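Q: Generate a structure from the sequence data that follows.
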Amino acid sequence: MEKLSIVVPCFNEEASLPLFFHTVEPIVRTLGAEIEYCFVDDGSRDETLEIMRQLAAAHDYVHYTSFSRNFGKEAAMLAGLQMATGDFIVLMDVDLQDPPSLLPEMWQRIHESGSACDCVATRRMTRAGEPLIRSFCARLFYKLINHLSDTEIVDGARDFRMMTRQMVDSVIADGEYNRFSKGIFSWVGFHTCWISYENVERAAGETKWSFWKLFKYSIEGILAYTTVPLYLSSVLGFLMCGVSFLFLLFIFARALLFGDPVAGWPSLVCIITLLGGLVLLALGIMGLYIAKIYLETKKRQMYIVKERR
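A: Numbering: from 1, shown residues only. Next comes the predicted model:
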């Protein structure tokens, strides 16, 4: 019998976790597969870990890993994938925004397609219920990264996806410290089939993703999968040098031909401020890339396990 591992990262999800388990359990039992739950507690400060202990004590097919602190969702997903022993692995959010009702269709498609479909992924057709500014920025991010990067990232793509063992092994083998899973799933290749669905509201609890966290995560994605910003800063610096040289010639010629004095300090301050801002922008872009190199070379652990069952 084939085995399906369900990987579920959790952070302060005491309200959602029992609801998730009791919602998913009857659905996956219709698949005709051996089931394994791989919960990852990402340093929760509520009763999430205690609920995992209770589920693991009651069901021998439930396993969990608990971190020593909050290492982030990317580390939790990696730990869950490394825990999983199934022939197929599905990543799910515990808040039920990833509809469990899609699991039978995903299971069917990954089997019917044979070797032609290594991953069945999901994407949201709409962003109903989200703040307008967040929806606008999300669409802008996908357009921007797909223009800058050779790695395609589908607009509205979720981490909710069912993958073959071979694909998961390839994702785990990518030893990056600064991980951006949506990019990794695309970069490793393999044929992906897509299922679209309407946006679903969180079943319980509160989202941990503020606008600022999403913004930082988007910057991580851009830095991880394109070096175009470095090229743009170089081109911008070259253009500004050319403009400055032409402006210098203009002032010099005007002084020779008309005897006009050089413009006063307001224009000079504006020019210096503009050039200084552009220099700081270019240094900031380079600094972000250098910081990522620094973190990669330190070879720190992605996470530290405090408890495991």
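Q: Return the set of buried residues in the longest helix along the chain.
A: For the chain, the helix that runs over the most residues, judged by DSSP state H, is helix 265-298. Under the neighbour-count criterion of 16 or more other CB atoms under 10 Å, helix 265-298 has 282, 285, 288, 292 buried. Quick note: C-beta positions are derived from backbone N, CA and C, even for glycine.
Q: Quick check: which element contains residue 9?
A: Secondary structure from DSSP states H and E places residue 9 in strand 3-10.
Q: Which secondary structure elements does that strand sit against?
A: Applying 3 or more CB pairs under 8 Å, 6 or more residues apart in numbering; DSSP states H and E, one finds that strand 3-10 makes contact with helix 17-28, strand 34-41, helix 73-83, strand 88-91.
Q: orientation of that strand relative to strand 34-41 in degrees?
A: 20 degrees (axes from the mean of the first three to the mean of the last three CA atoms, to 10 degrees).
Q: And strand 3-10, what's buried?
A: The neighbour-count check on strand 3-10 (16+ other CB under 10 Å) flags 3-10 as buried.
Q: Same list (these) but as a markdown table, adding pLDDT.
A: Putting the buried residues of strand 3-10 into a markdown table (pLDDT from 0 to 100) gives the following:
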| residue | pLDDT |
| --- | --- |
| 3 | 89 |
| 4 | 91 |
| 5 | 92 |
| 6 | 92 |
| 7 | 93 |
| 8 | 91 |
| 9 | 91 |
| 10 | 89 |
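Q: As TSV, the residues you listed with distance to residue 182 would be great.
A: Formatted as TSV, these follow (distance: CB to CB, whole Å):
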residue	distance to residue 182
3	26
4	22
5	20
6	20
7	15
8	18
9	14
10	20
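Q: rewinding a little: adjacent strands (with direction) for the strand holding residue 9?
A: Strand 3-10 sits in its sheet next to strand 34-41 (parallel), strand 88-91 (parallel), going by DSSP bridges.
Q: Looking at the helices and strands packed on strand 3-10, spot the one closest to residue 248.
A: Residue 248 sits nearest to helix 73-83 of all those, at 48.8 Å, using CB to CB.
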